[in-house]
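sequence plus predicted model, see below.
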Amino acid sequence: FSVTTRKATLTTMLEDEEEADVEDEEELLAQDSATVKNTSVLILGATGTLGRQVVRQFLNAGYSVRCMIRSRADRPFSFLVDWGATVIEGSLTRKETLPSSLIGIHTVIDCSGTRPEENIYNVEWEGKKTFIQCCEKMNVQRYVFVSIKDCDAYDNVPLMQIKTLTEQFLAKTNIRTTVLRVSGYMQPLISQYATNILDDQQVWSDDGTNPGVAYIDSQDCARMIAAAANKERTIGKTLTLTGPKVWSSVEIIKLCESLSGKEANVSEVGTATLQATMFAAGSFEWSIDIADRLRFVEVNSSGTKGRDVLMDQETFALLGIDPNSLRKLDQYIGEYYRRVFKKLTAGKYEPDEGEVEREQAEAAEKLQRAMAEDKDDKLPPGQREEQEVSVLYQREVADRLQKLFEDSILEGAEGNDAQIFGLTPLAEQINGRAAMFGFSLGLFTEWATNVSVAKQVDLLLSVVSSPG
């Protein structure tokens, strides 16, 4: 009886597993045959200052959000999952991770950046160019690229030049693109100025010759990005997004002094000093990335003052954004000091009654207006109409691209360039560095022991050679 019962139980378990496998296969086939939804979004740079706000705006608007992030212990991402986004691991420098991230994606929001330890060329150009090519092959319908304001005016600044080239590269593809050139964000100013002045710490300023930046709140910028991705009339457009006013570093310091009631400990750094540092850093290969970043001095010092650097009314109308809804810098820093002083007075910060609900309601209303449908929203002449794409098609293309990238990685690992022996670039680099290290060690030993390098070599040969 027990054997019969056991056989019946095993048979039932096998039948249940087979039914479950069939159901999984049927569900997968149904998903593959489905059309890619226009509310499916992939966001690059989701853990950054702007990216995390973009994630929140799209989630609040009812989109299905996927975030591709680099696997790093110092970059927490659990908050994205808590908000309701899907998180996948990937990197622009690892091309084999790119195709699978685009399966089922209709729109890409690219607000990624380069970390200080990363190479600008490898990430911003080579990696991003490969990613855009994957988007085109997999028929991703929209690509919103967050660029830098006036990047086309500074070809001698590497990052600005790469942003310009990326814009041009996107324009040559079949993807329906929108380019948003953004000025600086308000959020980093808290750590750069507001906190240091409050704590009597040193703050850095220019010599007063730089015209300043029209800083924009990252939440306002994220709302504009969501509005641009939701409108047909922005396709093929290059729009400039800025804050409502231009602020110089001197004006920001004076604002923080006024709001905090403290006098700032200011250290001025002139443009000439930064340019000299840039020249010195550019003289060595190991510090050339530092020199490239310091070239932004030229951007800050050669800008122009005036209303021509601000976001115009035509752009506001195109996005459906009310200019009066933008947060001003003095309001932003003032709110920071209000919360800090309340925390210092009461021991901890607690919002006033109804404050959180009021802020959430205001944010929801602003987003609703930005995402509202407009009967005048029409595709600009000459732009490509949206096409229906199946998930199955994107999956098949992703599999082929995945195999192509994996084969190229294997070929590179087995090719001559990866060999450490012979007349190859890697072998020459290793041998050259080893020779320089040995020569430097010999000079140090000569200085320390008063034994010349030649005698050191003779002594070494006598030790390792056979006697006789």
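Sure, I can see it.

for the closest residue to Phe131 other than its chain neighbours, what are phi and psi?
What sits nearest to Phe131 in space, not counting adjacent residues and going by Cβ to Cβ, 6 or more residues apart in numbering, is Leu98, at 5.3 Å. In short, each C-beta sits where N, CA and C put it, glycine included. Backbone dihedrals for Leu98, given as degrees, to the nearest 10, come out at phi -80, psi -50.

now the strands for the chain?
Under the criterion DSSP state E, the chain contains strands at 40-44, 64-69, 86-89, 107-110, 142-148, 176-182, 202-205, 238-241, 265-268.

mind checking these for the one nearest to Gly438?
Checking these against Gly438 by Cβ to Cβ gives strand 86-89 as the closest, at 41.0 Å.

so how far is that closest one off the chain centroid?
Put simply, strand 86-89 sits 15 Å off its chain's centre (Cα atoms, centre = their mean, to the nearest Å).

one more: stretch 374-394?
Distance, stretch centre to chain centre, for stretch 374-394: 26 Å (Cα atoms, centre = their mean).

please enumerate the helices of the stretch 1-150 of the chain.
Applying DSSP state H, counting those that start in this stretch to the stretch 1-150 of the chain gives helices spanning 2-33, 51-60, 78-83, 98-101, 120, 128-137.

quick one, phi/psi of Asp206?
Per-residue torsions, Asp206: phi -80, psi -180 (degrees, to the nearest 10).

quick check: nearest residue in space to Ala46, chain neighbours excluded?
Closest to Ala46 by Cβ to Cβ, 6+ apart is Cys67, at 3.6 Å.

residues in contact with the one you found?
Residues in contact with Cys67 (Cβ atoms under 8 Å, 6 or more residues apart in numbering) are Leu42, Ile43, Ala46, Thr47, Gly51, Val55, Phe77, Leu80, Ala85, Thr86, Val87, Ile88.

list buried residues within those residues.
Using 16 or more other Cβ atoms under 10 Å as the burial test, these include Leu42, Ile43, Ala46, Thr47, Gly51, Val55, Phe77, Leu80, Ala85, Val87 as buried.

dump those residues to CSV, plus pLDDT and distance to Asp322.
Converted to CSV, those look like this (pLDDT from 0 to 100; distance: Cβ to Cβ, whole Å):
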residue, pLDDT, distance to Asp322
Leu42, 97, 29
Ile43, 97, 25
Ala46, 93, 27
Thr47, 91, 29
Gly51, 94, 24
Val55, 96, 23
Phe77, 86, 33
Leu80, 93, 29
Ala85, 95, 27
Val87, 94, 33
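
could I get those residues as JSON lines with distance to Lys137?
JSON lines is the format used below for those (distance: Cβ to Cβ, whole Å):
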{"residue": "Leu42", "distance to Lys137": "15"}
{"residue": "Ile43", "distance to Lys137": "20"}
{"residue": "Ala46", "distance to Lys137": "23"}
{"residue": "Thr47", "distance to Lys137": "27"}
{"residue": "Gly51", "distance to Lys137": "25"}
{"residue": "Val55", "distance to Lys137": "26"}
{"residue": "Phe77", "distance to Lys137": "27"}
{"residue": "Leu80", "distance to Lys137": "27"}
{"residue": "Ala85", "distance to Lys137": "25"}
{"residue": "Val87", "distance to Lys137": "24"}
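
dump the residue contacts of Ala85.
Ile43, Ala46, Val55, Leu59, Val65, Arg66, Cys67.

relative to Glu314, how far out is the residue nearest to it when sequence neighbours are not counted?
Computed as Cβ to Cβ, 6+ apart, the closest residue to Ala85 that is not its neighbour in sequence is Val65, at 4.3 Å. Val65 sits 29 Å away from Glu314, taking Cβ to Cβ, to the nearest Å as the criterion.

which residues touch Ser408?
Contacts of Ser408 (Cβ under 8 Å, 6+ apart): none.

that one and Ser465, how far apart?
Ser408 is 47 Å from Ser465, where distance means Cβ to Cβ.

equivalent analysis for Leu259, please.
As defined by Cβ to Cβ, Leu259 lies at a distance of 77 Å from Ser465.

so these two - more neighbours on which side?
Ranked by neighbour count (other Cβ atoms under 10 Å), Leu259 and Ser465 place Leu259 first, with 19 against 8.

so where is the stretch 201-350 of the chain shaky, pLDDT-wise?
Across the stretch 201-350 of the chain, residues meeting the criterion (pLDDT under 70) sit at 270-308.

surely Val55 is in contact with Asp82?
No - the criterion here is Cβ atoms under 8 Å, and Val55 misses it with Asp82 at 11.1 Å.

flag the shaky bits of the stretch 351-468 of the chain, pLDDT-wise.
The model of the stretch 351-468 of the chain has pLDDT under 70 over residues 412-423, 426, 466-468.
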